[in-house]
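Q: Sequence and predicted structure are below.
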Number of protein chains: 2
Amino acid sequence: MIDVLKENERYDELNRNGYEIIQNPDKFCFGMDAVLLSGFVKVKRDETVLDLGTGTGIIPILLEAKTLGKHFTGLEIQEESVDMARRSVIHNHLERKIDIIHGDIKEAGKIFDAASFDVITSNPPYMIDSHGLKNPNEPKAVARHEVLCTLEDVVCAAAKLLKPGGRFYLVHRPFRLVEIMVLMSRYKLEPKRMQMVHPYVDKEPNMVLLEGRKDGKSRLTVEKPLIVYQDQGVYMPEIYEIYGY
Amino acid sequence: MIDVLKENERYDELNRNGYEIIQNPDKFCFGMDAVLLSGFVKVKRDETVLDLGTGTGIIPILLEAKTLGKHFTGLEIQEESVDMARRSVIHNHLERKIDIIHGDIKEAGKIFDAASFDVITSNPPYMIDSHGLKNPNEPKAVARHEVLCTLEDVVCAAAKLLKPGGRFYLVHRPFRLVEIMVLMSRYKLEPKRMQMVHPYVDKEPNMVLLEGRKDGKSRLTVEKPLIVYQDQGVYMPEIYEIYGY
């Protein structure tokens, strides 16, 4: 039976449709960023979605639960993550809605047809610097640092694979906002909507959520900030809602 | 006597050093944007400052009051505003600290020496569209719409006139943030610090404050949001402080 846990793996509840995801806490577990991205993304009925660098498949699985999209694809380069993501898809009986493809974002233009997705999402590695890493090939390092792909690789792939007018959704760190906007603008994924995520109402943001539109006109809507905690350990109601508690 | 009010003009208090500014409410009065910019700008002891499109001189006058800068210059294209600004300078006995120059931002590279200012500030026109304006030559239209200069003109002038490592400060509307970042990045005024201004804590921002550094490295600090009102008509303490009440 393929739907079985390997060593150190566990099922984690997703609070959506009874879905669970297979994770290995020694390798890499999804963070709040992926969950908040899934709350920021808009997928309309019958749209097709591609997630670039899907890891264990958290974003396609959450979006399948939350939206009326027709089909969801996750592209992932790390074989072990692909294997876990595929077993999670089977575990949740989503084989007809979600495909997990093993491949490199830099090759995405060859793996998929140009202009073939309505929506593309990504929760890419945030950190530029990969030298100095003890184990640059560790799953955690690959997920967090630009070891195997850069921000430009992600934006370039999204630009190729989105239909005209299609939407690109990204979660990233505010300190790289200038680079993000310059790249999205250069690749004609015009940023149209932005939301900053602040741990507390009086703290600097530690995440930024962005929506770009393929060939869109230049005009950005900055939404009210998303605040995570009202008190230590107590989320704001909006966050509980996104998590589905 | 040159220090005299013309028709419909009045003195408005600035709550700093007893300074007053000459304004004509029929033409154009400074807004909260100029005041918040003056609170965001950092001028160190003995630095020189240029304000591009200074209008009636509000930003040089406030910065002279608030900082230890050596000298402040305001460049303004509208003759009537230049005249008012010069009379305000005299009224406040600031002739040795503040110069008001009559000229065009697009010619700034000829009016001033290249790389000659430590700090450049601007509260430029926000609106792109100038067609459809009934009176595009009215002072209010020129101050609010890109009739006589574009955002790129301002950024280009600042890039020419700043010393290496010099700082550029801008207040603008969030809907143009992408364009602002792309231009600042292209002209090597790397955005280093950003603050969004929200009318209320749970509302979208309606202003953005930016600091760029000439030839700076790419890394943006996004500050906690600046909230204007705690209740209708009641400012947040931080705003009272910036205004000097």
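A: That came through, no problem. Numbers count the residues shown, from 1 in each chain, chains lettered A, B, ... in the order given.
Q: Get me the contact residues on chain A for chain B.
A: Residues of chain A lying close to chain B (CB under 8 Å from any CB of the partner chain) are A:174-179, A:181-182, A:184-185, A:190-191, A:194, A:196, A:198, A:201-205, A:208, A:218-225. Bear in mind the C-beta positions are built from the backbone N, C-alpha and C, glycine included.
Q: Can I have the buried ones of those residues as a PyMOL selection?
A: Applied in PyMOL, the following selects the buried portion of the residues of chain A next to chain B according to 16 or more other CB atoms under 10 Å in any protein chain shown:
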select buried, chain A and resi 174+175+176+177+178+179+181+182+184+185+190+191+194+196+198+201+204+205+208+220+222+223+224+225
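Q: Out of the residues of chain A next to chain B, which sit inside strands?
A: Of the residues of chain A next to chain B, the ones assigned to strands by DSSP state E are A:190-191, A:194, A:196, A:198, A:208, A:221-222.
Q: For those residues, work out which two are farthest apart.
A: A:Glu190 and A:His198 (25.0 Å; CB to CB).
Q: any chance you could read off phi and psi for A:Tyr240?
A: Dihedral pair for A:Tyr240: phi -60, psi -40, per degrees, to the nearest 10.
Q: Do a quick rundown of the strands in chain A.
A: For chain A, the strands defined by DSSP E occupy A:10-13, A:20-23, A:48-52, A:71-76, A:98-102, A:117-122, A:162-172, A:189-198, A:207-214, A:221-222, A:226-227, A:229-231, A:234-235.
Q: Show me the shaky parts of chain A.
A: A:1-3, A:130-132 (pLDDT under 70).
Q: max-length helix in it?
A: Ranked by number of residues, the top helix in chain A under DSSP state H is helix A:79-91.
Q: Off-centre distance for that helix?
A: Computed by CA atoms, centre = their mean, to the nearest Å, the chain-centroid distance of helix A:79-91 equals 16 Å.
Q: for stretch A:74-83, same thing?
A: Remark: stretch A:74-83 is offset 13 Å from the chain centroid, using CA atoms, centre = their mean.
Q: distance between the ends of that stretch?
A: With CA to CA, to the nearest Å as the measure, stretch A:74-83 spans 12 Å from end to end.
Q: Repeat that for stretch A:121-129.
A: Criterion CA to CA; first-to-last residue distance in stretch A:121-129 is 23 Å.
Q: Same question for that stretch: list its buried residues.
A: Buried-residue list, stretch A:121-129, by 16+ other CB under 10 Å: A:121-126.
Q: who touches it?
A: Here stretch A:121-129 makes contact (CB atoms under 8 Å, 6 or more residues apart in numbering or on different chains) with A:33-34, A:37, A:41, A:49-53, A:55, A:59, A:63, A:142-147, A:149, A:151, A:154, A:158, A:168-173, A:176.
Q: do the same with stretch A:216-224
A: For stretch A:216-224, the external contacting residues (CB under 8 Å, 6+ apart) are A:165, A:185, A:189-196, B:174-179, B:196, B:198, B:202-205, B:208.
Q: try 6 Å this time
A: Residues outside stretch A:216-224 that contact it (CB atoms under 6 Å, 6 or more residues apart in numbering or on different chains): A:190-195, B:174-175, B:177-179, B:202-205.
Q: Can you tell me which of those residues lies closest to B:Asp26?
A: Within those, proximity to B:Asp26 (CB to CB) peaks at B:Phe175, which comes in at 28.4 Å.
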